[in-house]
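Provide a 3D model corresponding to the input given below.
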Amino acid sequence: MRLYSLSVLYKGDPKVHLLKAAYDVSTFNFFQRSSVQEFMTFTSQLIVERSELGSRASVKEQEYLCHVYVRNDGLAGVVIADNEYPQRVCFTLLDKVLDEFSRQVSKMDWPSGSPATISYTALDGYLSKYQV
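Numbers count the residues shown, from 1 in each chain. Model (predicted):
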């Protein structure tokens, strides 16, 4: 059971953009890591784009399960895990991360934010804490 990615995104009016993300690509071949990370970023954005506000879903993509939660305010979280990781734990983690993110990062910064401009450092800690 493994978590590979934990992302916070904003579902804005024109498009979805990534606010902050953490990845664990240590189990992949060194030469594959950057393309795997790009795949996870792209997939996270695509899933949020296709999800309705206020929805939760689990989507199978290749050998991964992508768990997405889009809040009514447009803030969204995506966890990419292997097939064995418990779904309930993923959604609990998403709830916790999105609540904490919305308290620490001003709502004014969401529409224009990017991983470089948003100062929220807890994702790496959560990703390693929830590894099994």
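
Name all residues that make contact with the closest residue to residue 27 other than its chain neighbours.
Nearest non-adjacent residue to residue 27, counting by C-beta to C-beta, 6 or more residues apart in numbering: residue 2, 6.9 Å away. Just so you know, the C-beta spots here come from the backbone N, C-alpha and C atoms, and that holds for glycine as well. The contact partners of residue 2, by C-beta atoms under 8 Å, 6 or more residues apart in numbering, come to 24, 27, 81, 82, 85, 131, 132.

who wins for most neighbours among the residues you listed?
residue 81 (25 neighbours; other C-beta atoms under 10 Å).

ok, now how distant is it from residue 59?
Going from residue 81 to residue 59 by C-beta to C-beta, to the nearest Å gives 12 Å.

Return every residue with contacts to both of the two.
residue 65.

Using the centroid of the protein, identify the residue furthest from it.
Ranked by distance from the centre of the chain (C-alpha atoms, centre = their mean), the top residue is residue 31, with 23.0 Å.

Same question for that one, what's its three-state structure.
coil (DSSP: H, G, I helix; E, B strand; the rest coil).

Likewise for residue 114?
coil.
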